[in-house]
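[1] here you go, sequence then predicted model.
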Amino acid sequence: MTVRRLWAAAALALGLGAIVLAVDATIAHFPSGLVVLACMILAVCCAWLGISRRGAARIAGLAAAALFLAGAVALVVLQARVLEDAIVVVAIIAALGAAREAFVAHAHLPPAQRPARPVLFYNPLSGGGKAERFHLADEARRRGIEPIELRRGEDLEQLVRHAVEEGADALAMAGGDGSQAIVAMIAAELDLPYACIPAGTRNHFALDLGVDRDDVVGALDAFVNGGERRVDLAEVNGRVFVNNVSLGLYAEAVQQPGYRGAKLHTLLETVPDSVGPDAKPPDLLWDSPDGEQSAVAILISNNAYRLGRVLGSGTRPRLDRAVLGVTVLAPTQSGADGTVRRKLGMEQWTTPTFEIAAGSAVAAGIDGEAMHLDPPLRFQIRPGALRVRIAPQHPGASPSALEPDQPWRTIGVLTSLLIHGGPGDAAPVR
């Protein structure tokens, strides 16, 4: 039995066991289980009401959420179900972990010719000093790659273009995703191979490319004996981005002076202005078949993200589908009885182009960098624009590349993997 089949078997067995235990506990302790569930739902509702308001209303909402949560915990303890519930939770977590391993993909990329003069640009401050901690410059030299340090005050784009003028025929970047976008833009413009070295803080682009984020030094092997594939880039008003552009709620929080030092507090203070009862009408507008639409938050990404999923949430299964991913958080109003109730709804779709209108400059977070953009905001995808090199020992595919798009298909796909085995490449499962 292959390793993939073993993980699939473990996921199915643990998942089935968790379901059986949960159903048995619910029947044995009826109706307290329903009361616990009701307390949890009320806790979430009260927490949202508190977050979306300020002052006494916020305190009251969060306090009520804490009370309902404490009530749920107390009911579990009083019913002497702590061990049972703990076993169910552990089984579910273990099942999800096993399923994630069963879906691990490794892309077989065509071999690429080793460049004659590859260059690595590195930001010594990124990722808490990863470049220095892993001796990245020395490791690059050992592989015949010229390291160039990005010093404070220097312009990365000018640095890269100068290196190309001096003969660089392959470009790698060790830094945050904003810096990755600049180097990727130039590599795509000149049709040069590019390597993403995961020396930033979160390295989202590296994750979706299939670069092992825990192997910073090994990523340099992309220019030694790595394979190559083409992926898409995206742009807004001519500016290239590799991950996404956030507009509205989150982007407004990023602009605040205190965001870096107190992210959660700053974001909480921004929420009432966008979704609270006294919030102003959204200023982000676009045309749809149903007429002009507005939103309090929009995420436009280079290919679509999996969002709201148990497995692979926050990742992009593919970076070569030639589409933008658009996720909108918009207020909806309802009330047939004459009352108006304001709530938020989320919608997702894909498109090769997208345009947003606004009455003034729009706060934006572009690959995590805070800035303002003049309207209209015109987004478009650049299909297959970037030649990416990946080290042979790295996956070369997103961690969600093999996961089914529909959550309800997960059990069926795991069963198929158990019976028939599965692909080792990154062919998507649909």
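    Perfect, thanks for sending it.
[2] OK, contacts around Gly412?
    For Gly412, the contact set (CB atoms under 8 Å, 6 or more residues apart in numbering) comprises Pro404. For the C-beta atoms, the positions are set from N, CA and C on the backbone; glycine is no exception.
[3] check the secondary structure at it for me.
    Local secondary structure at Gly412 is given as helix here, using DSSP: H, G, I helix; E, B strand; the rest coil.
[4] likewise Ala195?
    strand.
[5] enumerate the beta-bridge partners assigned to it.
    Ala172 (DSSP bridges).
[6] how many neighbours does Glu347 have?
    Using other CB atoms under 10 Å, Glu347 has 12 neighbouring residues.
[7] apologies, that question was intended for Val388.
    Neighbours of Val388 using other CB under 10 Å come to 26.
[8] skip the chain neighbours and tell me the closest residue to Leu14.
    Of all residues not flanking Leu14 in the chain, Ala95 sits nearest, at 3.7 Å (CB to CB, 6 or more residues apart in numbering).
[9] could you check how far the one you found is from Ala10?
    Distance check for Ala95 against Ala10: by CB to CB, to the nearest Å, it reads 8 Å.
[10] the two - which one has more neighbours?
    Ala95 (22 against 19).
[11] element containing the residue nearest to Gly384 when sequence neighbours are not counted?
    The shortest distance from Gly384 to any non-neighbouring residue, by CB to CB, 6+ apart, is to Arg230 (4.1 Å). Under the criterion of DSSP states H and E, Arg230 resides in strand 227-236.
[12] now swap in Leu12 and tell me
    helix 3-28.
[13] show the pLDDT at Ala199.
    Here, the pLDDT recorded for Ala199 equals 95.
[14] after the helix holding Leu12, which helix or strand is next?
    Next element after helix 3-28 (DSSP H and E): helix 32-51.
[15] what's that next one in contact with?
    Contacts for helix 32-51 (CB under 8 Å, 6+ apart): 25-26, 57-66, 68-69, 71-72, 75-76, 79, 268, 271.
[16] and the strands in the stretch 201-350 of the chain, which stretches?
    227-236, 239-241, 244-248, 284-288, 291-295, 297-302, 324-334, 341-351 (DSSP state E, counting those that start in this stretch).
[17] of those strands, which approaches Ile390 most closely?
    strand 227-236 (5.8 Å; CB to CB).
[18] and that closest one, which residues are buried?
    Of all the residues in strand 227-236, those buried under the rule 16 or more other CB atoms under 10 Å are 227-229, 231-236.
[19] likewise for stretch 188-205?
    For stretch 188-205, using 16+ other CB under 10 Å, the buried residues are 188, 192-200, 203-205.
[20] tell me how many other residues surround the nearest residue to Leu75 once chain neighbours are set aside.
    Counting by CB to CB, 6+ apart, Leu75 lies nearest to Val36, which is 5.1 Å off, once chain neighbours are set aside. Residues within reach of Val36, counting by other CB under 10 Å, total 21.
[21] ditto for Tyr305
    23.
[22] on that earlier part again, chain center to the helix holding Leu12: distance?
    28 Å (CA atoms, centre = their mean, to the nearest Å).
[23] now it: buried residues?
    Applying 16+ other CB under 10 Å to helix 3-28 flags 4-5, 7-12, 14-15, 17-18, 21-22, 25 as buried.
[24] again with stretch 373-386
    373, 375, 377, 379-382, 385-386.
[25] identify the farthest-apart pair in the buried residues of helix 3-28.
    Top of the distance list for the buried residues of helix 3-28 (CB to CB): Arg4 and Ala25, 31.9 Å.
[26] quick one: residues contacting Lys117.
    Just so we're on the same page, residue 117 is Arg rather than Lys. 146, 167-170.
[27] so which of these comes closest to Arg321?
    Of all those, Ala170 has the smallest distance to Arg321: 25.6 Å, by CB to CB.
[28] surely the closest one and Phe121 touch.
    No. In this structure, Ala170 is not within contact of Phe121 by CB atoms under 8 Å, at 11.6 Å.
[29] helix or strand with the lowest mean pLDDT in the chain?
    Across the helices and strands of the chain, mean confidence by mean pLDDT, DSSP states H and E is lowest for helix 263-275: a mean of 47.
[30] show me the contacts for the spatially most central residue of the chain.
    Centroid-nearest residue in the chain, with CA atoms, centre = their mean: Gly314, separated by 3.2 Å. By CB under 8 Å, 6+ apart, Gly314 lies in contact with 305-307.
[31] try Leu150
    Contacts of Leu150 (CB under 8 Å, 6+ apart): 121-124, 156, 159, 175, 179.
[32] low pLDDT regions in the stretch 251-400 of the chain?
    Across the stretch 251-400 of the chain, the ranges flagged by pLDDT under 70 are 251-283, 289-291, 309-312, 331-344.
[33] what's the pLDDT at Ala170?
    At Ala170, pLDDT is 98.
[34] so it versus Asn123, what's the distance?
    Distance from Ala170 to Asn123, by CB to CB: 19 Å.
[35] what of Val90?
    For Val90 relative to Asn123 (CB to CB), the value is 40 Å.
[36] neighbour-wise, which of these two wins?
    The residue with more neighbours, out of Val90 and Asn123, is Asn123; 23 against 12, by other CB under 10 Å.
[37] does the more buried one touch Ala174 like I think?
    Yes. Counting by CB under 8 Å, Ala174 is a contact partner of Asn123 at 6.9 Å.
[38] my guess is Asp191 contacts Arg387, does it?
    Yes. With contact defined as CB under 8 Å, Asp191 reaches Arg387; the gap is 6.8 Å.
[39] among the contacts of Gly314, which are located in helices?
    Using DSSP state H, no member of those falls within helices.
[40] list just the nearest of the residues you listed to Leu324.
    Tyr305 (11.0 Å).
[41] rounded mean pLDDT for stretch 225-239, please.
    Mean pLDDT, stretch 225-239: 96.
[42] next: stretch 95-111.
    86.
[43] buried set for stretch 33-45?
    Residues of stretch 33-45 classed as buried: 33, 36, 39, 42-43 (neighbour count, 16+ other CB under 10 Å).
[44] no wait, stretch 285-299
    285-286, 294-299.
[45] ok, now stretch 401-417?
    Applying 16+ other CB under 10 Å to stretch 401-417 flags 401-404, 410, 413-414, 417 as buried.
[46] endpoints of it, how far apart?
    For stretch 401-417, the first-to-last residue distance is 15 Å (CA to CA, to the nearest Å).
[47] that older thread, show me which pair in the buried residues of stretch 401-417 is furthest apart.
    Pairwise across those, and taking CB to CB, the largest span is found between Ala401 and Leu414, at 15.7 Å.
[48] turn the buried residues of stretch 33-45 into CSV, including distance to Ala391 and pLDDT.
    Output for these, formatted as CSV (distance: CB to CB, whole Å; pLDDT from 0 to 100):
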residue, distance to Ala391, pLDDT
Gly33, 49, 70
Val36, 48, 78
Cys39, 49, 85
Leu42, 50, 87
Ala43, 46, 86
